[in-house]
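*Asks:* Return a 3D structure for these sequence lines:
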Amino acid sequence: MSSGRAQRRGVSSGRVAHAVVLLALVAGCARFPDASDEPWRDKPEIGAERAPQPQSPPPSEPRAPSAPGGGTPPSGPCVDPDPQVVATCLAPVSAVVTLPGGQAALVAERTTGRILRVAPQTAPEVVATVPVDAAGDGGLTGLVLSPSYAEDQLLYAYATTSSGNAVLRIAAGDTPKPVLANIPRGATDNRGTIGVEPNGTLLVATGDAGTPDPGPTSLAGKVLRIDPFGRPAAGNPDPASPIVGSGLHSPGDACADPTSNTTWITDRSGARDVLLAVRPGAPVGTAAAAAPAWTWPDRPGVAGCAAGGGTLLVALGDAKGLFVLNPTAEGRFVGAPQTVLQNTYGRIGGADLASDGFVWFGTTNKDGGTPGATDDRVVRIRPPSGGGSGPE
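*Replies:* Model prediction:
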């Protein structure tokens, strides 16, 4: 993991209404070749004929909130007056992945296993449903586009099923197929996630299933690198094992940052919340022993994260906001961190940065919060252009 760093506490900037004080975000879309075109046998098939084909709607932008007296807001069940709210009346939103072009996103409902396509002024559409067991903070907790999504339109998910935790590959109209199963499941701490490193490798972070020391060969509490078929990725320290790091407790997200060639992992690590930095091909080591890139001793409930353009956003469940950091290409942080949108939308879960610079996130107010009439929701916000921060 990253070099030693003194513990630091997040700095709240107070309550911010609906205008997010962030930097302009630029995220590129990479294309990767398909991993294989072999016929289906004992591995899930990548088949173009079964691939989902979500289409982004014509470009649109969220409207600014109306000033008092500027008109009658919409009303009725599941209609939110906030024009930045894209979807309403959902189950807790554990993951958000924006689609190419930035005009739509796929979101995961933790407790139902549904994957929904959402877009402004469009009714949510169910893309797939994963059979899940949401006990012990499990369920559908991770979602990412295939490294070769432009060609195969496939999704990868991390989910708790009746038989354990697993990484699943999903094509529209097909049954989700496990590519990596037998990840231990426990009474607690089943939460895990999946991301794509800047070099296109699938990176999986697993919870410890309530066992503080699952053992060196257990897949619980680990950082895993795999290929699209669930096999250990090329370059792993042990060519026969997907394990490249250990010591995780209850990871919330893994988000790639091409600017710093880093994948950030958020983890609720018992006595503190932490942010871990993983770089492609570099040894990860023992997360519990390594110095995290950032720590939150006050345990704000880190969840989703999103990175790009020199900005890193960490969603906070218990602290009900977004924590903003500015990483450099070398992996350091500059400027003063801040917490934005605090207490505006409640508990925030999954988050992502779209290629057009918009910030998307979902709420988890039905998971221990105080849900409103239209929770849980997906929100899409345009950060203002400009801004910046100097070195510490």
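
*Asks:* What ranges does the stretch 101-250 of the chain have for its helices?
*Replies:* 149-152 (DSSP state H, counting those that start in this stretch).

*Asks:* Which parts of it are strands?
*Replies:* Ranges of strands in the stretch 101-250 of the chain, per DSSP state E, counting those that start in this stretch, are 105-109, 114-119, 122-129, 140-145, 155-161, 164-170, 177-183, 193-196, 202-205, 222-226, 243-246.

*Asks:* Beta-bridge partners for Ala256, please?
*Replies:* Beta-bridge partners for Ala256, by DSSP bridges, are Thr263.

*Asks:* Need the pLDDT of it.
*Replies:* Predicted confidence (pLDDT) at Ala256: the value is 94.

*Asks:* Who are the contact partners of it?
*Replies:* By CB atoms under 8 Å, 6 or more residues apart in numbering, Ala256 lies in contact with Gly195, Val196, Glu197, Pro198, Thr262, Thr263, Ala307. No exception for glycine: its C-beta is placed from N, CA and C like everyone else's.

*Asks:* ok, back up a step: for Asp82, find the nearest of the strands of the stretch 101-250 of the chain.
*Replies:* strand 114-119 (14.6 Å; CB to CB).

*Asks:* Mind giving me the packing neighbours of the closest one?
*Replies:* In terms of contacts (3 or more CB pairs under 8 Å, 6 or more residues apart in numbering; DSSP states H and E), strand 114-119 is packed against strand 85-87, strand 105-109, strand 122-129, strand 140-145.

*Asks:* Let's have those strands in a markdown table, adding mean neighbour count, distance to Ala277 and mean pLDDT.
*Replies:* Below are these laid out as a markdown table (neighbours: other CB atoms under 10 Å; distance: least, CB to CB, whole Å; pLDDT from 0 to 100):
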| stretch | mean neighbour count | distance to Ala277 | mean pLDDT |
| --- | --- | --- | --- |
| strand 85-87 | 23 | 30 | 98 |
| strand 105-109 | 28 | 24 | 98 |
| strand 122-129 | 15 | 31 | 96 |
| strand 140-145 | 27 | 18 | 98 |
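
*Asks:* would you list the strands of the stretch 101-250 of the chain in TSV and tack on distance to Ala234?
*Replies:* Converted to TSV, those look like this (distance: least, CB to CB, whole Å):
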stretch	distance to Ala234
strand 105-109	28
strand 114-119	29
strand 122-129	29
strand 140-145	19
strand 155-161	18
strand 164-170	17
strand 177-183	16
strand 193-196	15
strand 202-205	12
strand 222-226	9
strand 243-246	12
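
*Asks:* Out of those strands, which is closest to Ala291?
*Replies:* By CB to CB (comparing all of the strands of the stretch 101-250 of the chain), the closest turns out to be strand 243-246, at 13.7 Å.

*Asks:* got the CA coordinates for that closest one in PDB?
*Replies:* Output of strand 243-246 as PDB, limited to C-alpha atoms (Å, rounded to 0.1, in the frame of the first residue of the first chain):
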ATOM      1  CA  ILE A 243      -4.600 -12.700  -3.700                       C
ATOM      2  CA  VAL A 244      -2.400  -9.600  -3.800                       C
ATOM      3  CA  GLY A 245      -3.100  -8.000  -0.500                       C
ATOM      4  CA  SER A 246      -4.900  -8.700   2.800                       C
END
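
*Asks:* what is the rounded mean pLDDT of it?
*Replies:* On average, the pLDDT along strand 243-246 is 94.

*Asks:* Starting from it, tell me which strands it pairs with and how they run.
*Replies:* For strand 243-246, pairing defined by DSSP bridges yields strand 222-226 (antiparallel), strand 285-286 (parallel).

*Asks:* Check the offset of the first one from the chain's centre.
*Replies:* So the one you mean is strand 222-226. Remark: strand 222-226 is offset 16 Å from the chain centroid, using CA atoms, centre = their mean, to the nearest Å.

*Asks:* So, low pLDDT: which residues of this structure?
*Replies:* 1-76, 287-290, 383-392 (pLDDT under 70).

*Asks:* thinking again about what came up before, export the contacts of Ala256 to JSON lines and tack on distance to Gln153 and neighbour count?
*Replies:* Formatted as JSON lines, the contacts of Ala256 follow (distance: CB to CB, whole Å; neighbours: other CB atoms under 10 Å):
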{"residue": "Gly195", "distance to Gln153": "18", "neighbour count": "24"}
{"residue": "Val196", "distance to Gln153": "15", "neighbour count": "21"}
{"residue": "Glu197", "distance to Gln153": "20", "neighbour count": "21"}
{"residue": "Pro198", "distance to Gln153": "21", "neighbour count": "16"}
{"residue": "Thr262", "distance to Gln153": "27", "neighbour count": "26"}
{"residue": "Thr263", "distance to Gln153": "23", "neighbour count": "25"}
{"residue": "Ala307", "distance to Gln153": "24", "neighbour count": "25"}
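
*Asks:* Which one of those residues is nearest to Ser241?
*Replies:* Distances from Ser241 to the contacts of Ala256, taken by CB to CB, are shortest for Glu197, at 17.3 Å.

*Asks:* Quick check: closest non-adjacent residue to Pro239.
*Replies:* Nearest residue to Pro239 in three dimensions, chain neighbours excluded: Pro232, at 6.2 Å (CB to CB, 6 or more residues apart in numbering).
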